[in-house]
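In: I would like to see how this sequence folds:
(2 chains)
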Amino acid sequence: MKVRVDETKCQGHTLCAMAAPEMFELSDFDGHAQAVTEQVPSEMEGAVRAAASSCPEQAVIITD
Amino acid sequence: MAIEGEKEAPVHFDRHAPGYIDAFEDITHDLHARCPVAWTDSYGGHWVASGYSEVFEIARNPTLLSNDHDVTGTATGYQGISIPPQGREHRTRGGFLEMDPPAQQDYRRILDPYLSPAAIARWSAMTEDVTRAAIDARIETGSIDFVDDLANITPAVMTLALMGLPLTDWVVYCEPAHAGVYTPPDSPDMPRVTEISIAMGMRMTESIADVRANPRPGMVDGLIKGDVGGVAPSDDDIRDTLMLLIGGGFDTTTALTAHSLEWLGDHPDQRDRLRHDLDRLLGPATEEFLRFYTPAPGDGRTVTCDYELSGRKLQERDRLWLSWAMANRDPSVFPNPDVIQLDRPGNRHTSFGLGVHRCIGSNVARSTFKIMLTAVLKRMPDYVCVPDGAVHYDTIGVINGMKHLPATFTPGRRQGPSLDDTLAAWQRVIDDEQLAAPITRASATERAS
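Out: I've put the predicted structure just below:
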């Protein structure tokens, strides 16, 4: 599983980092998110799916 | 034949009506089922978007919808985010919330470094201490009004701290910030509310002049030194912006806290569950209270170009209401939407808005709310709300708020100095440590190392 944050959609709601704090880091300046790594460790897949489903902007993009 | 909810077949919808608060769920599900985007004749006619997918589709499209409020009537003629619009005699722009990009984005760039998650994390010790002092003032008596004695205080102090203004000024802003929202124009209390609102505006003008003369860190200083389209904002622009931040920072968090405490008081089993599993549940419970109570129920927009949405034809200059509150009850996204589920998964609620106008204070709102809720659960875990004592706003067209929430509990011990002494001590810390400075590249690097 791979994950990225679409920066054109992210508005800094921070819900992805609440769902999967190990996988998303937030900008110190505006709270916009990016994935720590593109490749998702298998034990993190559930948390990353939860992050994607809780994003109000649907900016967390998962690809297999 | 016209489709129901088209302009030729309008629906009735008046969110300012006194009975709306009690009929909210029925109205919401009726609109979802019949016409998730509908034309209503109220307030000069406007669209109402209530379905989640409809709100999601259009709210994130800044070229379709405009927030612009042309107060002089010399440009777009658009009327901003209020439906009905402000009266003609005292029109003021609601800061950058009534602007479109690129100017709106310039303001966000100025203010984001004061309000980002990293910026807000620096304030948790002060927020906890102010909350402690507010609770201390009532803890020995065994009775509290959660609105007057707690939920009005911490968000107000926190907002002033972020702006870089004297903490003790919270009392100047608190009452007009709340009463100005819930007092109807024809109320006998209106002259008093007008008077304290004028006093608030005068204090704000003085404070901007004071920070200009004696610069000290905070959002006021950031705005004074800021760059919007190549020029610094005027004092009027700064005052409008600060009024927006006060409007967004005070009444909304108070409303969320009061409603959550009322629900937890009514559901002591859920309150105990939350208290015993705070580490796991506080985050999702906060999002669920945000979804369910949606303190700011919606925003008006102006349609900028013809657009078809769910078979209805939006036309340029039409007014449109984006209902965050109704989108948050759409069963296609939130199973059992009218039930509070503290650990609800996938809770992509719209309570902070969607798109480029996402609530700029969402991080401070969450932090302040969580600190107040945690303190109540720890220090007065057996509180009981006084039967029939809660006073909700008569109309919830602007903010879904509460005026009072009295409760009783087993008395406890004070834990520290009074609120006045606490504010004085924190004012010294803020001044000495420049706590209200924005996050900069240097401070971010220091934090990371």
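In: what's around the closest residue to B:L354 other than its chain neighbours, how many residues?
Out: Closest residue to B:L354 apart from its sequence neighbours, by Cβ to Cβ, 6 or more residues apart in numbering or on different chains: B:A59 at 4.1 Å. Any C-beta I mention is one placed from the backbone N, CA and C, and that applies to glycine too. Residues near B:A59, counting by other Cβ atoms under 10 Å in any protein chain shown, number 26.
In: Surely B:P438 touches B:L115?
Out: No - look at B:P438 against B:L115 with Cβ atoms under 8 Å: they stay out of range, at 9.2 Å.
In: Which one's more surrounded, the two?
Out: Shown here are B:P438 and B:L115; by other Cβ under 10 Å, B:L115 has more neighbours (27 against 19).
In: returning to that earlier point: tell me who's in contact with the residue nearest to B:L354.
Out: The neighbours of B:A59, taking Cβ atoms under 8 Å, 6 or more residues apart in numbering or on different chains as the test, are B:L65, B:L322, B:T350, B:G353, B:L354, B:G355.
In: What is the neighbour count of the one residue in the stretch 301-449 of chain B that gets nearest to chain A?
Out: Going by Cβ to the nearest Cβ, chain A is nearest to B:G346 of the stretch 301-449 of chain B, at 3.6 Å. B:G346: 16 surrounding residues under other Cβ under 10 Å.
In: Where do the strands of the chain begin and end?
Out: Using chain A here. Applying DSSP state E to chain A gives strands spanning A:2-5, A:24-26, A:33-35, A:60-63.
In: sorry, should have said chain B
Out: According to DSSP E, the strands that chain B contains are B:37-40, B:46-49, B:65-66, B:143-145, B:298-303, B:307-309, B:312-314, B:319-323, B:384-385, B:391-392, B:402-404, B:406-408.
In: could I get the ones you listed as CSV with mean pLDDT?
Out: Formatted as CSV, the strands of chain B follow (pLDDT from 0 to 100):
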stretch, mean pLDDT
strand B:37-40, 97
strand B:46-49, 98
strand B:65-66, 98
strand B:143-145, 98
strand B:298-303, 98
strand B:307-309, 96
strand B:312-314, 96
strand B:319-323, 98
strand B:384-385, 98
strand B:391-392, 96
strand B:402-404, 97
strand B:406-408, 98
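In: Put together a markdown table for the contacts of B:A59, with neighbour count on each row.
Out: Output for those, formatted as a markdown table (neighbours: other Cβ atoms under 10 Å in any protein chain shown):
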| residue | neighbour count |
| --- | --- |
| B:L65 | 25 |
| B:L322 | 26 |
| B:T350 | 27 |
| B:G353 | 23 |
| B:L354 | 24 |
| B:G355 | 19 |
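In: Contact partners for B:F250?
Out: By Cβ under 8 Å, 6+ apart, the neighbours of B:F250 are B:N152, B:P155, B:A156, B:T159, B:Y173, B:C174, B:A177, B:H178.
In: 10 Å - rerun?
Out: Counting by Cβ atoms under 10 Å, 6 or more residues apart in numbering or on different chains, B:F250 touches B:151-152, B:155-156, B:158-160, B:170, B:173-174, B:176-178, B:180-181, B:399.
In: before we move on, the earlier item: please tabulate the strands of chain A in a markdown table, including the columns distance to chain B, mean neighbour count and mean pLDDT.
Out: Shown next, in a markdown table, are these (distance: least, Cβ to the nearest Cβ, whole Å; neighbours: other Cβ atoms under 10 Å in any protein chain shown; pLDDT from 0 to 100):
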| stretch | distance to chain B | mean neighbour count | mean pLDDT |
| --- | --- | --- | --- |
| strand A:2-5 | 15 | 18 | 98 |
| strand A:24-26 | 5 | 20 | 98 |
| strand A:33-35 | 10 | 19 | 98 |
| strand A:60-63 | 10 | 16 | 98 |
